[in-house]
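**Q** need a 3D model of the sequence below.
(one chain, ligands or ions: 1)
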Amino acid sequence: RNEEYLEQQEKRESSARSYPRRLPLAIEKAEGIYVWDADGRRYYDCLAGAGTLALGHNHPVVIEAMEKVIADQRPLHTLDLTTPVKEEFVTELFDSLPASFAQRAKVQFCGPTGGDAIEAAIKLAKTATGRQGILTFQGGYHGATHATMAISGNLGPKEHVRGLIPDVHFLPYPYQYRCPFGFGGEQTHLISAHYIEQLLDDPESGILPPAAMILEVVQGEGGSIPAPIEWLQEMRRITKERNIPLIIDEVQTGVGRTGKMFAFEHAGIVPDIVVISKAIGGSLPLALVVYDEALDQWQPGAHIGTFRGNQLAMAAGTATLRYIKKHQVSDHAAAMGEKLMLTLKEWQHFIKEIGDVRGRGLMIGVEMVDPTGARSKSGSYPAHPLLAKSIQRECFNRGLMIEVGGRHGSVMRFLPPLIVTEQQLHDIMVIFKESLLAAVE
Ligand code: PMP
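**A** Okay, here's the model as predicted:
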C-alpha cells in the first residue's frame with residue numbers, strides 16, 4: 001500500500017516536493033515519537049515536523065484540548081476577532097516569556113507559517129525605524145517567501161527566483177567548526193563580534209543604518225549550529241548601542257527545544273522582536289511575533305491575513321505550553337540532549353567521519369566529513385554530503401527518520417520530540433550507530 005500511495009503522489013504532486021524523496025513512506029498512524037507507514041512498519045520520528053512536535057504526535061493533552069474546542073461549540077475560524085480561546089492562549093504565552101520581556105511585550109498573530117511571521121517582524125522593524133536594510137547571517141534560514149528567502153543564506157532556491165529584496169547584508173555566524181574567517185576555531189565568535197562591530201562603525205562599509213538584525217540562537221536548517229552565549233550577548237550590546245532592533249528567530253528553537261522555553265534565555269538577553277511558530281501550535285499551524293511595545297508603531301491592518309485566528313491551534317498551543325511548564329519538559333530536553341551529545345562525542349574518537357558534534361538541548365547536529373580530504377586552517381575536514389545521505393537512507397531502512405541539513409547537506413540533524421525517554425533515545429542511538437557504520441563501510 002505504501003508503494004501505491006507514493007506512486008499516486010509522485011504522479012500528481014509538483015516537482016518542488018522535497019521530504020518524500022528521501023523519506024519514501026506514507027504515514028498512516030502516529031503516536032508519541034513513532035509513526036507507522038501504510039504497510040504497518042514503525043519508525044522512530046527524529047524529524048518531528050522539522051522540530052515542530054515538541055510533545056510528539058497526538059499527545060493526549062493536545063488532542064483533549066482540541067476536542068474541548070469542538071465539544072464547547074467554539075468557533076473554529078475567527079480572523080483575528082476576540083475569543084476566550086485566544087485570551088487563554090495569550091495569557092499562557094506571556095506567562096511563558098521571561099518577565100523582563102513579557103511586561104513590555106505585545107503580540108501580533110500572523111499567517112499560519114513561520115515565514116509569514118518573519119515577514120511581519122521585518123515590516124514591523126522597518127516601520128518603527130523608518131529604515132530598510134536587514135543584517136542577517138551566513139547559513140541562516142528564515143523561510144521560503146520572497147523576503148525570507150532574501151535574508152536566508154542558501155543560494156540554491158534563490159538562483160531561480162530573481163528580484164528579491166535587495167538591502168540585505170550577510171554577516172559571519174560563529175560557526176566554530178568551519179570558521180568563516182578560515183582560522184578562528186574557538187575564537188570564531190570573538191572575531192565575528194569584533195568584525196561586525198567595526199563594520200557597523202566604518203563609514204566606508206557601505207552599510208546604511210539598518211532596520212534590524214535577525215538571528216537564530218541555534219542555526220537550524222544551517223546545520224544545528226549553536227551560537228556561543230558570549231557572542232549572543234555581544235550581538236545584543238552591539239545592536240542596542242546603535243538602536244538597531246534585534247529580531248530573534250525562535251521558529252525552530254522556541255518552546256523548549258533547546259532546554260529553555262526560548263533559546264535566547266540561555267544568554268539572559270532581552271530581544272526587541274521574537275518570532276515564534278512550529279511547536280507553539282501543538283502541531284497545528286500557528287505563528288506570531290512578540291515584540292517590545294516601543295516598536296508598536298504600525299497602523300491597524302499593517303499585517304493582515306485570513307488565517308490568524310486558528311482556534312484549534314491556539315487551544316493546542318495552550319495545552320502544549322502548560323504541559324511543558326508543569327512537567328519541566330525543557331529541563332528534560334536539556335538532560336536528554338546532554339546524554340545524546342556525550343555518546344556522539346565518544347563515537348567521534350573512533351569514527352573519523354564524524355567531524356563535529358554540536359547543539360543545544362534536543363537540537364543536535366552531527367557533521368559528516370571526509371577524513372581523507374585536506375584539513376582547513378581551523379582543522380575541519382571537507383563536508384561529506386553523500387555519506388550523510390547514505391546514513392539517512394540506512395537509518396530509514398532500519399526504522400528511523402532523521403533530517404539531513406547544513407550548508408553542505410552533510411549534517412545529521414537530531415530533532416526528536418522533547419518527550420523522548422532515555423530508553424527510546426538509547427534505541428534510536430543503536431539504530432543510528434548501525435546505520436552510520438554500514439554507510440561508512
Ligand atoms: N525560521 C526558521 C529558523 C525555521 O527553521 C523555519 C522553518 N524551517 C522558518 C523560519 C520558516 O517557517 P515556515 O516553514 O513555517 O514558513
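
**Q** quick one: contacts for the closest residue to the ligand within the chain?
**A** Proximity of the chain to the ligand (Cβ to the nearest ligand atom) peaks at G114, 2.4 Å away. Quick note: C-beta positions are derived from backbone N, CA and C, even for glycine. Going by Cβ atoms under 8 Å, 6 or more residues apart in numbering, G114 touches 142-143, 251-252, 275, 277-278, 287.

**Q** and those residues near the ligand, which?
**A** Filtering the contacts of G114 for proximity to the ligand by Cβ under 6 Å from any ligand atom leaves 142-143, 251-252, 277.

**Q** out of those, which is most surrounded?
**A** H142 (30 neighbours; other Cβ atoms under 10 Å).

**Q** show the average pLDDT along stretch 196-216.
**A** The pLDDT scores in stretch 196-216 average 96.

**Q** start to end distance for it?
**A** Start and end residues of stretch 196-216 are separated by 16 Å (Cα to Cα, to the nearest Å).

**Q** what parts of the chain come near the ligand?
**A** Within the chain, the positions adjacent to the ligand are 50, 113-115, 118, 141-143, 216, 220-221, 249, 251-252, 277 by Cβ under 6 Å from any ligand atom.

**Q** go with 8 Å
**A** Within the chain, the positions adjacent to the ligand are 50-51, 112-118, 140-145, 148, 216, 219-221, 249-253, 275, 277-278, 285, 287 by Cβ under 8 Å from any ligand atom.

**Q** residue ranges in the stretch 201-350 of the chain under the pLDDT threshold?
**A** Nowhere does the stretch 201-350 of the chain drop to pLDDT under 70.

**Q** mind listing the strands for it?
**A** For the stretch 201-350 of the chain, the strands defined by DSSP state E, counting those that start in this stretch cover 212-215, 218-219, 225-226, 246-249, 273-276, 288-292.

**Q** pipe the contacts of G114 into TSV and attach distance to Q299 per row.
**A** Formatted as TSV, the contacts of G114 follow (distance: Cβ to Cβ, whole Å):
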residue	distance to Q299
H142	24
G143	24
V251	25
Q252	30
V275	20
S277	24
K278	29
A287	21
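
**Q** just send the strands of the stretch 201-350 of the chain back as a markdown table, with mean neighbour count and distance to I391 too.
**A** Formatted as a markdown table, those follow (neighbours: other Cβ atoms under 10 Å; distance: least, Cβ to Cβ, whole Å):
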| stretch | mean neighbour count | distance to I391 |
| --- | --- | --- |
| strand 212-215 | 26 | 29 |
| strand 218-219 | 26 | 21 |
| strand 225-226 | 26 | 19 |
| strand 246-249 | 28 | 28 |
| strand 273-276 | 28 | 31 |
| strand 288-292 | 25 | 36 |
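
**Q** which one of the ones you listed lies closest to F264?
**A** For F264, the closest of the strands of the stretch 201-350 of the chain is strand 246-249, at 4.9 Å, according to Cβ to Cβ.

**Q** which secondary structure elements does that closest one sit against?
**A** Packing partners of strand 246-249 (3 or more Cβ pairs under 8 Å, 6 or more residues apart in numbering; DSSP states H and E): helix 114-129, strand 212-215, helix 229-241, strand 273-276.

**Q** hey, which of these is tucked in deepest?
**A** Most buried of those, by mean neighbour count (mean count of other Cβ atoms under 10 Å): strand 273-276, with a mean of 28.

**Q** hmm, who's touching it?
**A** Contact partners of strand 273-276, identified using Cβ under 8 Å, 6+ apart, comprise 97, 101, 114, 117-118, 120-121, 124-125, 212, 245-251, 254-255, 262, 264, 287-292, 295.

**Q** how far does that strand sit from its chain's centre?
**A** A distance of 12 Å separates the centroid of the chain from that of strand 273-276, by Cα atoms, centre = their mean, to the nearest Å.

**Q** before we move on, what about stretch 25-42?
**A** Relative to its parent chain, stretch 25-42 has a centroid offset of 24 Å by Cα atoms, centre = their mean.

**Q** for V35, identify the helix or strand it belongs to.
**A** strand 34-37 (DSSP states H and E).

**Q** ok, that strand: who's next to it in the sheet?
**A** If you go by DSSP bridges, strand 34-37 pairs up with strand 27-31 (antiparallel), strand 42-45 (antiparallel).

**Q** return the set of buried residues in the first one.
**A** What that stands for is strand 27-31. Buried residues in strand 27-31, counted by 16 or more other Cβ atoms under 10 Å: 27, 30.

**Q** ok, then the element right after the top helix by length along the chain?
**A** In the chain, with assignment by DSSP state H, the single longest helix is helix 329-350. Toward the C-terminal end, the helix or strand that comes next after helix 329-350 (DSSP H and E) is strand 354-360.

**Q** elements contacting that next one?
**A** strand 225-226, helix 329-350, strand 363-368.

**Q** let me have the ones you listed in a markdown table, extended by distance to L6.
**A** Formatted as a markdown table, the helices and strands packed on strand 354-360 follow (distance: least, Cβ to Cβ, whole Å):
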| stretch | distance to L6 |
| --- | --- |
| strand 225-226 | 33 |
| helix 329-350 | 31 |
| strand 363-368 | 27 |
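
**Q** ok, which of those comes nearest I27?
**A** Nearest to I27, of the helices and strands packed on strand 354-360 and by Cβ to Cβ, is strand 363-368 at 22.6 Å.

**Q** that closest one vs strand 354-360, what angle?
**A** 170 degrees (axes from the mean of the first three to the mean of the last three Cα atoms, to 10 degrees).

**Q** partner strands of strand 363-368 and their direction?
**A** Strand pairing for strand 363-368, using DSSP bridges, gives strand 354-360 (antiparallel), strand 411-414 (antiparallel).

**Q** flag every buried residue along the last one.
**A** Right, strand 411-414. Buried, per 16+ other Cβ under 10 Å, within strand 411-414: 411-414.

**Q** now the element after that strand, going C-ward?
**A** helix 422-440.

**Q** that next one: how far from the chain's middle?
**A** Its chain's C-alpha centre and that of helix 422-440 lie 23 Å apart, by Cα atoms, centre = their mean.

**Q** which other helices and strands does it contact?
**A** Under the contact criterion of 3+ Cβ pairs under 8 Å, 6+ apart, helix 422-440 touches strand 42-45, helix 329-350, helix 385-397, strand 400-401.

**Q** go through these and name the closest to S15.
**A** Using Cβ to Cβ, the nearest of those to S15 is helix 385-397, at 19.0 Å.
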